[in-house]
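Enquirer: my questions are about this predicted structure, shown below with the sequence.
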Amino acid sequence: MNFFKEKCPHCKEILQLKNNPDSKSIIIKECPAGHYQKEFHPALETYIESHKVS
Ligand SMILES: [Zn+2]
């Protein structure tokens, strides 16, 4: 799985990197239409997914 080619499960747009100055250790990518967000925590090697539409 390639995190940097992830797509929104709702509209299939490629997720865009979100500027996140408060947490430099966390990478956030989100759908350009705001459907979906994915956080990557490198220290934990863990993803957290957030669906903003049902
Ligand atoms: Zn979307």
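Expert: Arrived safely.
Enquirer: CA only for contacts and neighbour counts going forward, please
Expert: Fine.
Enquirer: against residue 7, how distant is the nearest residue to residue 41 once chain neighbours are set aside?
Expert: In space, and not counting its chain neighbours, residue 41 is closest to residue 26: 5.0 Å by Cα to Cα, 6 or more residues apart in numbering. According to Cα to Cα, to the nearest Å, residue 26 stands 19 Å off from residue 7.
Enquirer: what sits up against stretch 47-54?
Expert: 34, 35, 36, 37, 38, 39, 40, 41 (Cα atoms under 8 Å, 6 or more residues apart in numbering).
Enquirer: out of those residues, who's nearest the ion?
Expert: residue 35 (4.3 Å; Cα to the ion).
Enquirer: what sits against the closest one?
Expert: So residue 35 contacts 8, 10, 11, 51, 52, 53 (Cα under 8 Å, 6+ apart).
Enquirer: ranking by neighbours, what's the top pick from those residues?
Expert: residue 8 (21 neighbours; other Cα atoms under 10 Å).
Enquirer: residues in contact with that residue?
Expert: Contacts of residue 8 by Cα under 8 Å, 6+ apart are 14, 15, 30, 31, 35, 36.
Enquirer: where does it fall, phi/psi-wise?
Expert: Phi and psi for residue 8, reported as degrees, to the nearest 10, are phi -60, psi 130.
Enquirer: quick one: name the residues of the chain near the ion.
Expert: 8, 10, 11, 31, 35 (Cα under 5 Å from the ion).
Enquirer: using TSV, lay out those together with pLDDT, secondary structure and distance to residue 21.
Expert: Output for the residues of the chain next to the ion, formatted as TSV (pLDDT from 0 to 100; DSSP: H, G, I helix; E, B strand; the rest coil; distance: Cα to Cα, whole Å):
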residue	pLDDT	secondary structure	distance to residue 21
8	94	coil	23
10	94	coil	27
11	96	coil	27
31	96	coil	19
35	97	coil	22
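Enquirer: point out where this structure drops to low pLDDT.
Expert: 1-5 (pLDDT under 70).
Enquirer: just the strands in this structure please.
Expert: 16-18, 27-30, 36-41, 46-51 (DSSP state E).
Enquirer: many thanks, have a good one.
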